[in-house]
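# Quick check, what structure comes out for this input:
(2 chains)
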Number of protein chains: 2
Amino acid sequence: MESTTLESGTGTGAFAHELLLELVEIVGTYHVLTDPETMEPYRRDMQPLGEVGLPLAVVRPRTTEEVSAVVLACGRAGVPIIPRGAGSGMTGAANAVDGAITLVLTRMNDISVDEEAQVATVQAGAVTLEVKTAAQEHGLFYAPDPTSADWCTIGGNLANGSAGPCGAKYGVTGDAVRGLTVVLASGEVLRTGRNTLKGVTGYDLNRLFVGSEGTLGIITEAQLALSVSPPAPSTTLATFDDVHRAVDAVTRFLATGHTLSLLEIMDERCVSSVERYLEAPLNEDGPSPKAVLFGQSDTENSAALDAFGTACEEAGATLVYAAEDLAEGQMLMNYWSSLESALEQEGTWILHETTVPRTKVAELIERIGQASRNRGIYVGVHGHAADGTVHPMIVMDSDAEGQLDAAAAVYQDILDIALDLGGPVTGEHGVGRMKCDRFAQSVGETGMAVHRAIKFALDPAGLLNPGCMGLAQDTSTDRRTA
Amino acid sequence: MESTTLESGTGTGAFAHELLLELVEIVGTYHVLTDPETMEPYRRDMQPLGEVGLPLAVVRPRTTEEVSAVVLACGRAGVPIIPRGAGSGMTGAANAVDGAITLVLTRMNDISVDEEAQVATVQAGAVTLEVKTAAQEHGLFYAPDPTSADWCTIGGNLANGSAGPCGAKYGVTGDAVRGLTVVLASGEVLRTGRNTLKGVTGYDLNRLFVGSEGTLGIITEAQLALSVSPPAPSTTLATFDDVHRAVDAVTRFLATGHTLSLLEIMDERCVSSVERYLEAPLNEDGPSPKAVLFGQSDTENSAALDAFGTACEEAGATLVYAAEDLAEGQMLMNYWSSLESALEQEGTWILHETTVPRTKVAELIERIGQASRNRGIYVGVHGHAADGTVHPMIVMDSDAEGQLDAAAAVYQDILDIALDLGGPVTGEHGVGRMKCDRFAQSVGETGMAVHRAIKFALDPAGLLNPGCMGLAQDTSTDRRTA
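Reported below is the predicted structural model:
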C-alpha cells in the first residue's frame, strides 16, 4: 500500500546510504536517527488504531534553510517526507511510512513577540502553551486552545487547523494566522500572508496550507495574531437529567446573542468517571446527571453567564450553580479538566472527534451510547456544545477480550452516525490516515479531483506526506525526479 | 495583450456564431446580449482607470446548471469567461475582455434563510443588502458590510473577499462562509464546506475560492453564517487637530481589549467636504479638524464606548461627543455616510483602497496628502482605523486639465506608499486588472509560481477571467480544448 510502504529496495543499500550522508551534512550526525530503538518514539501519533511503518531515518532540523535542504535531498532521492511535531495528532497523519524520512520539527521552537503589532513569530516546533506563555509575558493572549496545548506544537495545530473550547468565541488556529513560512516540495521557501489585519492579495494561501496536513508544504514558521488578555473567566455549571434538555439550554442561550468563552457539554458516562475519580458526586444522593454543561465568560460584566444560567433553568436543568469566585470556578472546572485522568483509571482511551450541526448533538450522544452498548466497549462523549464538535472517548478495558477490535469498529460506527446527522468527516482533528475513505465519500468525486489537482500542482512527485488524506494512493507518477 | 484581447478572428464568423447559438439554447434568446449598446453597461466595473474590451456576448444565466452548460460550451469553443455581478468592484476584475463572454450573475438572486441553523443559502447574484434584509426578517444578522452593500452582490463579495467597517468586530465575507457551490472550468459543479460551524475536512476550499476573483471557478451559490441581531449601536465622535493623535487614540483604545462594531477615521480633506455638503461645520468658529474618529458599539453596556471616549481624551482630542440617543447617533454618522455624496459635489471620485499596519495609518495619510499636492489632484482619506484598511478618495476636477493622468499617477503613488509602509497590495478590494504588477512584486517569484500552479491545476486552459491577477499573461497553453 503506497500510504505505508515504498517500493521494495528503497531505504536500503547505496541509494539510502548516500541520502543519509547528505542529511547528516545538513543537520549534523546527532539529528539523523536511524537506529530503530531511537526512532521508535517518532513512529506514530496518539492514535493507536492507525497503521505505522518504519522510517528510513528520523531527521531533526533546526532552521527553515535546513528543512529546505532536506526536502531537496529527499526529492532528488525520491524518498518521501512525513513532517511531524510532538505527535499529539489523533488521525495517524504523522505516522511513519516504511522507507520515508520522518521530519521532526520540535527543535525549531523559537518564539518572539512584537507587542506593538500584537503578533508572535513562532517556529513550527514551538509548544502551543509556550506561545501562550510568551504572549502572556507581554500582557497579550494567544487564543487558540487545543486541549493538548501543554505539549502539542504550533506546526501541528496549523497543519490540522486545530481548535479547542475557546474556539466558539475566539476562533480556531487558522483565524489567528497572519503569515506562514512554508518549504515547498521543490525546496523553495514560500512566504504567505501579510503584516496587516486584513489582506486579500491573491489566493488565500494561509488558509490553503492551514489544515493541509503536511501534504502541500512544510510549515516552518508562522506569524500569529495576539490580542489583549481577557479577564480571568467566571464559571457556571448546570446538570440535566436528559441530554436533550442540555442541548435545548444551549440553543436557548445562543438565541440571546451572548457569547461564552467556553461552553462544554459532557455526557453521563464521562461525568460518572470524573465523579469516581474526584470522589465527589455532583448529586450527593442520586445518580450521575445525564448531561452537564460548563459555561465560562471572560468579560467584565455578568450578562452572558446570567443569560446562560437562565437558559439552563428554562430548559429544565436539575442544578444551575454559578461559582462565587475564581477559586470555586476552578473547582467546578475540575470536573471538565480531570476527564482524561479519570478515564485513565478505566483503561486506555482513544480520543475520537466528530462534528455535527449543533442542534443534533443530543441525538449524536444517544446514538453513540447505543453503538457503545452494541460493541461492548465504553464510549463517553464530551465536547464543544456551541459549535457541535464533540469528542467521543473510546476506553479499552484491558481485562476484556477483543477490545481493540471493538474500538476499531465503534470508531467507524461513530463516523457513520456523524455523517448520517449531516456532519463533515472531521471538525478539528483532520483526515490523516484514519478517515481517508470517509473523506473521499464525503467530498465526492469532484471534491477529490480538486484536492488531487491542487496536491499535484504543488507536489507533483508526491513527496510530502504521501497517503495522508488518501492523496497519494492513485497517482502513477514516479517519485524519483532526480 | 492577453488580458484584454483574444487572438484575432475569435468572436467573429462561423465559430462565434455556433457558440452564440449554443448559449441561446442554454439561457434563452433574451439573456444573450450581443448588441454593443445593450452590452455597454456590462463592460466595466466602478474603476474608471482600467482597460476594457468588447465582449463577444453578455450572458445572463439563472441557475448553476445553466452556468455549467455555458462554461462547457465556452470551453469547447476556447472562448474565455469573465464572471460578474453588479459591477461594484474597483479593480477592473470584471472588466470585459475583447471576444470573451461576460457572464452576468444578477438574475441568480434567490435567498433562503434556515432560522434554526442560522444559515442563509444565497445565489451569487443576490444583492448584499437583500441578504441582510432577509436575515433581519428572521431576527438574524448577516454581518459583512461592504460599503456598497445596497447594490453589490454576494458573488462579488465572495470573489473579492470584501469587507466593511464592521469587519473589525464581525470579520470579513470569508469568515461568514459555510459552503459554496462552484462551477469549475471543466463544467463540473463542486460543493465545498459543511453544515457545521467547524470543519477541517481536507483543504480549505471555501477560503481558496473566496478572494480568487473568478480565476479558479464561478461561485454560483453560498451558505452564509448568520448570527443573532445585535442591538442598534450607540455612537461617539471625536475630533483631533493632528492625525497622529487620532491614531494614538485608536492604539490606546485597542489596548483596553474592548471592541467596537465600527471604528472609522476620516482625514481633514474628507471631513471638510462633508462639512460643506451638510453645511454644518464640526467646529463652528475654526478650521476643519485634521482627523475625526467615529466609534460605534452595539453591545448592551457602554463599557466599550466609554473606553473609546477616554482613549480619545487621553490622546488629546479637541472634542469627544457621545450621542445621547440613536437619532443623535445617526446624525453624527451622517458625517461618515455622506462622504460619497459630498465628494460628488467636487468632481468624479475614484475609491482607492490600501492596507497598512494599523499604527502606520497617520504616516500613510500624511504621505498621501503630500502625493496629492505633488500631483495636483484632490485625495481625501477615510477608512477602518482598527484594522489599517483605508480608502483614499481620488477626486477629479472636471474643470482642471490632465486630471485623469494625475489620477492614474497618484493611484500608483498610493500603492508605492502603502507597500513602503509594509502593507499588502490590497486589503479588501482585490488585485483585479489594476494591481497585477504590484501583486507580482509583492508576492515574489515563488508566490507567483504557486498562484500559477493552482490556477492551471484548476483551469488548465485559462478559461476563467484570464488576465485577472496577472494569471494568464505568461501561459503558452492553447485555450481551445475542443
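# A:G156 and A:P83 touch, don't they?
No: in this structure, A:G156 is not within contact of A:P83 by C-beta atoms under 8 Å, at 9.2 Å. Bear in mind the C-beta positions are built from the backbone N, C-alpha and C, glycine included.
# Give the residues shared as contacts by those two.
Contact criterion C-beta atoms under 8 Å, 6 or more residues apart in numbering or on different chains; residues bridging A:G156 and A:P83 by contacting each: A:A94.
# Give the full set of residues in contact with the closest residue to A:C436 other than its chain neighbours.
Spatial nearest neighbour of A:C436, excluding adjacent residues (C-beta to C-beta, 6 or more residues apart in numbering or on different chains): A:G470 at 3.3 Å. A:G470 sits next to A:3, A:431, A:436-437, A:439-440, A:448 when contact means C-beta under 8 Å, 6+ apart.
# Just want the phi and psi numbers for A:G470.
When read as degrees, to the nearest 10, the backbone of A:G470 gives phi 70, psi 20.
# same thing with A:G75?
According to degrees, to the nearest 10, A:G75 has phi -60, psi -50.
# Helix, strand or coil: sort out A:E401 for me.
coil (DSSP: H, G, I helix; E, B strand; the rest coil).
# That one and A:A407, how far apart?
Distance of A:E401 to A:A407, computed by C-beta to C-beta, to the nearest Å: 13 Å.
# picking up where we left off before, and the residue nearest to A:C436, how far from A:P165?
With C-beta to C-beta as the criterion, A:G470 and A:P165 are 30 Å apart.
# With A:T192 instead?
For A:T192 relative to A:P165 (C-beta to C-beta), the value is 28 Å.
# So for these two, which residue has more residues nearby?
A:T192 (28 against 25; other C-beta atoms under 10 Å in any protein chain shown).
# Surely the more buried one touches A:L205?
Yes: with contact defined as C-beta under 8 Å, A:T192 and A:L205 form a contacting pair (4.0 Å).
# Would you mind telling me which of A:E401 and A:A407 has more residues around it?
More neighbours surround A:A407 than the other of A:E401 and A:A407, with 23 against 9 (other C-beta under 10 Å).
# longest single helix anywhere in chain A?
helix A:436-458 (DSSP state H).
# Could you tell me which residues within that one count as buried?
Neighbour-count burial for helix A:436-458 flags A:436, A:438-440, A:442-443, A:446-458 (criterion: 16 or more other C-beta atoms under 10 Å in any protein chain shown).
# For the stretch 1-150 of chain A, list the residues in contact with chain B, please.
Contacts of the stretch 1-150 of chain A with chain B, taken as C-beta under 8 Å from any C-beta of the partner chain, map to A:116-117.
# Low-confidence stretches in the stretch 1-150 of chain A?
Residues of the stretch 1-150 of chain A that meet the criterion pLDDT under 70 lie in A:1-13.
# show me where the stretch 301-450 of chain A has helices.
A:303-314, A:326-337, A:339-344, A:361-375, A:403-420, A:436-458 (DSSP state H, counting those that start in this stretch).
# no, scratch that, I was asking about the stretch 151-300 of chain A
For the stretch 151-300 of chain A, the helices defined by DSSP H, counting those that start in this stretch occupy A:154-160, A:167-170, A:205-209, A:243-254, A:268-278.
# What are the contacting residues of the third one?
Helix A:205-209 is touched from outside by A:158, A:174, A:177-180, A:182, A:190, A:192-193, A:216-217, A:219, A:454, B:203-204, B:207-208, B:447, B:450, B:454, with contacts defined as C-beta under 8 Å, 6+ apart.
# Likewise for the longest one?
By C-beta under 8 Å, 6+ apart, the list of residues contacting helix A:243-254 from outside reads A:238, A:240, A:260, A:263, A:265, A:267-268, A:290-293, A:295, A:307-308, A:311-312, A:314-317, A:358-359, A:361-362, A:365-366, A:385-386, B:228.
# For ChimeraX, write the selection for the buried entries among those residues.
This is how ChimeraX selects the buried members of the contacts of helix A:243-254, with burial counted by 16+ other C-beta under 10 Å:
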select /A:238,240,260,263,265,267,268,290,291,292,293,295,307,308,311,312,315,317,358,359,361,362,365,385,386
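# Close to chain B: what parts of the stretch 251-400 of chain A are there?
A:254-257, A:300-301, A:303, A:355-359, A:384, A:386-389.
# Going through those, which ones are buried?
For those, buried by 16+ other C-beta under 10 Å: A:254, A:257, A:355-359, A:384, A:386-389.
# out of the residues you listed, which one sits closest to A:V27?
A:T389 (37.4 Å; C-beta to C-beta).
# Show the model's pLDDT score for the closest one.
You'll see A:T389 listed with a pLDDT of 89.
# Hmm, it is touching A:V381, no?
No: applying C-beta under 8 Å, one finds A:T389 not in contact with A:V381, separated by 11.2 Å.
# Low-confidence regions, the stretch 151-300 of chain A specifically.
Looking along the stretch 151-300 of chain A with the criterion set at pLDDT under 70, you get A:195-200.
# Distance check, the residue in the stretch 251-400 of chain A that chain B sits nearest to against B:G171.
At 3.4 Å from chain B, A:G257 is the closest residue in the stretch 251-400 of chain A, using C-beta to the nearest C-beta. Separation of A:G257 from B:G171 (C-beta to C-beta): 16 Å.
# taking the buried ones among the residues of the stretch 251-400 of chain A next to chain B one by one, which sit in strands?
If you go by DSSP state E, these have A:355, A:384, A:389 in strands.
# How much space separates the first one from A:V271?
This means A:T355. According to C-beta to C-beta, A:T355 and A:V271 sit 22 Å apart.
# Mind splitting chain A into its structural domains?
Per automatic domain parsing, the structural domains of chain A span A:13-106+A:450-470, A:111-228, A:231-329, A:346-433.
# Please name whichever of these is nearest to B:H138.
Closest to B:H138 of those is domain A:231-329 (C-beta to C-beta; 11.6 Å).
# Ends of that closest one, what's the gap?
14 Å (C-alpha to C-alpha, to the nearest Å).
# beta partners of the closest residue to the residue of the stretch 251-400 of chain A closest to chain B other than its chain neighbours?
Among residues not flanking A:G257 along the chain, B:V228 sits closest, at 3.4 Å (C-beta to C-beta, 6+ apart). Counting by DSSP bridges, B:V228 forms beta bridges with B:L140.
# ok, now which ones touch B:V228?
A:254-257, B:118, B:139-141.
# With distance to B:W151 added, can I get those in JSON lines?
JSON lines is the format used below for the contacts of B:V228 (distance: C-beta to C-beta, whole Å):
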{"residue": "A:L254", "distance to B:W151": "32"}
{"residue": "A:A255", "distance to B:W151": "32"}
{"residue": "A:T256", "distance to B:W151": "33"}
{"residue": "A:G257", "distance to B:W151": "28"}
{"residue": "B:Q118", "distance to B:W151": "26"}
{"residue": "B:G139", "distance to B:W151": "25"}
{"residue": "B:L140", "distance to B:W151": "22"}
{"residue": "B:F141", "distance to B:W151": "20"}
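# Specify which member of those residues is nearest to A:R276.
A:L254 (31.9 Å).
# now the closest one: how far from A:P165?
15 Å.
# Taking helix A:403-420 as reference, get the angle to the longest helix of chain A.
If you take axes from the mean of the first three to the mean of the last three C-alpha atoms, to 10 degrees, helix A:436-458 sits at 70 degrees to helix A:403-420.
# Tell me the gap between helix A:436-458 and the middle of its chain.
On the basis of C-alpha atoms, centre = their mean, to the nearest Å, helix A:436-458 sits 20 Å off its chain's mean C-alpha point.
# What of stretch A:127-143?
With C-alpha atoms, centre = their mean, you get 19 Å for stretch A:127-143.
# Can you show me the CA trace of it as CSV?
This file holds the C-alpha atoms of stretch A:127-143, laid out as CSV (Å, rounded to 0.1, in the frame of the first residue of the first chain):
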residue,chain,number,x,y,z
VAL,A,127,4.8,24.1,22.0
THR,A,128,1.4,25.9,22.0
LEU,A,129,1.4,26.5,25.7
GLU,A,130,4.8,28.2,25.3
VAL,A,131,3.3,30.5,22.7
LYS,A,132,0.5,31.3,25.1
THR,A,133,3.0,32.0,27.9
ALA,A,134,5.3,34.2,25.8
ALA,A,135,2.2,36.2,24.8
GLN,A,136,1.1,36.5,28.4
GLU,A,137,4.6,37.9,29.4
HIS,A,138,3.7,40.8,27.1
GLY,A,139,0.2,41.2,28.5
LEU,A,140,-1.2,39.5,25.4
PHE,A,141,-3.3,36.5,24.6
TYR,A,142,-2.9,33.7,22.0
ALA,A,143,-6.4,32.4,21.8
